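Enquirer: Starting from these lines, generate the structure:
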Amino acid sequence: MPGCRKKVTGTRKKMECTVQGCTGHREEPSNKHCRNHTCANFHTDGCTNKKPAGDTVCQQHMRCPQQPCNKARIQYANGERGRFCYDHKCSADDCQELRSFQQNQYRLYCNRHGCHVAHCRERAFGQPGIRFIYCSTHKCRQCGQMAVSPAGLCERHNECGRPGCRNQREGARDLCSEHLQCETAGCRVPKKAGSSHCDNHTCRERDCRNSSGAHSYCEDHRCEKYGCSERRRMGAMRFCALHSCQTSGCQRPKCDRGQHCDTHTCSDRNCGNPKVFGDLCQHHFGESCRQAARIDWSDEQQRLRDDLAARDRDLALRDTYLRANLTVLEQRDEEIRRLQQRLNAQGVDPQEPEGGFPPQQWGGFPGQRGGFQGIGRGFGRHPN
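Expert: As a prediction, this is how the structure comes out:
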């Protein structure tokens, strides 16, 4: 008849959900509720308590299982609940494990996701497909082992950088304490960063790793002048600015006389000026020119004096010859006068030839054959 319900038999009634008003059926005879009202723990520990329709577990299993916690387990948007509450669940988003417990307190992560270094609360470092047991702070920078040095390296990667040495490095340095000592003989002071020697024994030339010894620069960059510790001049120079020859491009040291080496200094031993002409400086070259001019002038003066003396001697000889000839002429004139007086005394009136006495009486006129030849011999010439 209309409105009449079929009578439920006993077996079917026993399989109905016990929740009032629910028409669902039990999935198992031992369960009192249908799927919508069955606690999710029924299949794990046999819980038969009723759960709310919008939840997955009963009131008993909603609480965090970690004693003595009374907080509810985490519930997600799909209605599912996690295994623990927010205080006890691992902070990794994809993990439902219990946080690790150390030093009487819970850490932020479980043993799988937390750093294994005591007192560290950070998450273990991980990469896609790779998982480590230490955080980025405590993990070796070159592998997954625990870092033991301030440089972030494990024992194997923290070994001294000197080949063959297995000692651990010193702090964040690349070498052990033994090889960090200054390599200058007898020095035990730690090396300067980036150098093979300490600050006192490191050459001050940039990028130089040589020892400077007791000086500021090493032998390759120190002035070669004995006792000088200054830096050499730039380029291939061997001496510092104070001891280098000032001639451009010269590598020789200064001499004691001036600012240039012996090769480029005036050859005058008391002069320190640079050579300009030959082996002399400008001053001494001028002096040498003037000296040469004085010597030449002295020779010229002596030659002129000798010529004048020779001329004076020639004139003196000529004067002597002229005086001797004059005396001879005067004697002959006197002889002619006496002969004329004698002729006049005898009354002889000789026919006088034009121009004086007959040539046969006194030897002829000068210039004629036989005339004055004895007197005029050698006249006007130097005697042989």
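Enquirer: Contact partners for the closest residue to Cys115 other than its chain neighbours?
Expert: Distances taken as C-beta to C-beta, 6 or more residues apart in numbering put Cys135 closest to Cys115, at 3.9 Å, once the chain neighbours are dropped. Just so you know, the C-beta spots here come from the backbone N, C-alpha and C atoms, and that holds for glycine as well. Contact partners of Cys135, counting by C-beta atoms under 8 Å, 6 or more residues apart in numbering, are 115, 117, 120, 122-125.
Enquirer: I'd say Phe42 and Asn31 touch.
Expert: Yes - the criterion here is C-beta atoms under 8 Å, and Phe42 meets it with Asn31 at 6.1 Å.
Enquirer: what do these two both touch?
Expert: Contacts common to Phe42 and Asn31, judged by C-beta under 8 Å, 6+ apart, are Thr48.
Enquirer: Show me how far stretch 242-252 is from its chain's centre.
Expert: Distance of stretch 242-252 from its chain centroid, counting by C-alpha atoms, centre = their mean, to the nearest Å, is 21 Å.
Enquirer: secondary structure element for Leu339?
Expert: helix 282-346 (DSSP states H and E).
Enquirer: Give me the packing partners of that helix, helices and strands only.
Expert: In terms of contacts (3 or more C-beta pairs under 8 Å, 6 or more residues apart in numbering; DSSP states H and E), helix 282-346 is packed against helix 359-362, helix 373-376.
Enquirer: Least confident of those helices, on average?
Expert: The minimum mean pLDDT among the helices and strands packed on helix 282-346 belongs to helix 373-376 (a mean of 42).
Enquirer: which residues in this protein form helices?
Expert: All helices of the chain, identified by DSSP state H, fall at 10-14, 42-45, 59-62, 282-346, 359-362, 373-376.
Enquirer: And stretch 174-192, how far out from the chain middle?
Expert: Its chain's C-alpha centre and that of stretch 174-192 lie 24 Å apart, by C-alpha atoms, centre = their mean.
Enquirer: Check stretch 122-141 too.
Expert: 43 Å.
Enquirer: Just the endpoints, please. Distance across it?
Expert: For stretch 122-141, the first-to-last residue distance is 16 Å (C-alpha to C-alpha, to the nearest Å).
Enquirer: residues of that stretch that come out buried?
Expert: For stretch 122-141, the neighbour count (16 or more other C-beta atoms under 10 Å) marks 122-125, 132-135, 138-140 as buried.
Enquirer: In TSV: those, plus pLDDT and distance to Glu287.
Expert: Shown next, in TSV, are the buried residues of stretch 122-141 (pLDDT from 0 to 100; distance: C-beta to C-beta, whole Å):
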residue	pLDDT	distance to Glu287
Glu122	82	90
Arg123	84	94
Ala124	82	93
Phe125	80	88
Phe132	79	90
Ile133	81	94
Tyr134	84	89
Cys135	85	89
His138	82	87
Lys139	84	86
Cys140	84	83
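Enquirer: Serialize those residues to a markdown table and add fields for distance to Ser91.
Expert: Compiled in a markdown table, the buried residues of stretch 122-141 are given as follows (distance: C-beta to C-beta, whole Å):
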| residue | distance to Ser91 |
| --- | --- |
| Glu122 | 10 |
| Arg123 | 7 |
| Ala124 | 12 |
| Phe125 | 15 |
| Phe132 | 17 |
| Ile133 | 16 |
| Tyr134 | 17 |
| Cys135 | 13 |
| His138 | 18 |
| Lys139 | 18 |
| Cys140 | 24 |
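Enquirer: Of those residues, which pair is most distant in space?
Expert: Arg123 and Cys140 (16.9 Å; C-beta to C-beta).
Enquirer: shaky segments in the stretch 51-200 of the chain?
Expert: By pLDDT under 70, the weakly predicted segments of the stretch 51-200 of the chain are 53-55, 79, 127-130.
Enquirer: now the strands for it?
Expert: 101-102, 105-106, 126-127, 130-131 (DSSP state E, counting those that start in this stretch).
Enquirer: Okay, now the sheet partners of the second one, with direction.
Expert: In other words, strand 105-106. Next to strand 105-106 in the sheet, as set by DSSP bridges, lie strand 101-102 (antiparallel).
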